[in-house]
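**Student:** got a structure for you, letters missing:
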């Protein structure tokens, strides 16, 4: 059974919704998970843009780890647990998605979204590990550096701009100004789901 937003998560989404009022978003691409659907409903309650739910934007699939507590996983499989949090490029669990696979899935989803014509800003509502893996790619960082700062907190707001060739640059990373650049096709706003 999928988890739902807590009261804190709902408040975090409401706080971000206020910030998103400054953008001309008329199309949202959202992970099909329950939490992100709830988050998107709160984020865009007032503006009600078209929302498309996509499995390709879901969080990393952890197979046999799904539904288990971190403390239990650390006891049951200390080697892979270590890799997951300290050497993500080495994480390889039978039946689970690797970070390499997650990153490729995320990049493919973003490229498909960016390839669609849009007259306004587009928002992606997804999950922390997926978004960090995408940003890692566009930072030209190796996946071994995935968990390095900036930290991806709940309902973090990141912004990317893409030029007409589909080349992207990070403008804001988890609410932190990243770099300045010319706005060619408008930003893609990425929000991680709330708690």
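**Tutor:** Now that the structure is in, tell me what you want to look at. These numbers were taken from a predicted model, which means no experiment stands behind them. Numbering: from 1, shown residues only.
**Student:** residue 100 in helix, strand or coil?
**Tutor:** The three-state assignment at residue 100 reads helix, by DSSP: H, G, I helix; E, B strand; the rest coil.
**Student:** so it makes contact with residue 89?
**Tutor:** Yes. Using CB atoms under 8 Å, residue 100 makes contact with residue 89 at a distance of 7.2 Å. All C-beta atoms are positioned from the backbone trio N, CA, C, and that covers glycine.
**Student:** quick check: neighbours shared by those two?
**Tutor:** Listed as contacting both residue 100 and residue 89 by CB atoms under 8 Å, 6 or more residues apart in numbering are residue 143.
**Student:** give me the phi and psi for the most centrally placed residue in the chain.
**Tutor:** Nearest to the mean C-alpha position of the chain, by CA atoms, centre = their mean, lies residue 131 at 3.0 Å. Backbone dihedrals for residue 131, given as degrees, to the nearest 10, come out at phi -60, psi -40.
**Student:** mind listing what residue 129 touches?
**Tutor:** By CB under 8 Å, 6+ apart, the neighbours of residue 129 are 59, 60, 99, 102, 146.
**Student:** same question for residue 72.
**Tutor:** Applying CB under 8 Å, 6+ apart, no residues contact residue 72.
**Student:** okay, it and residue 124: tell me how far apart.
**Tutor:** 31 Å (CB to CB, to the nearest Å).
**Student:** and residue 135, by the same measure?
**Tutor:** 12 Å.
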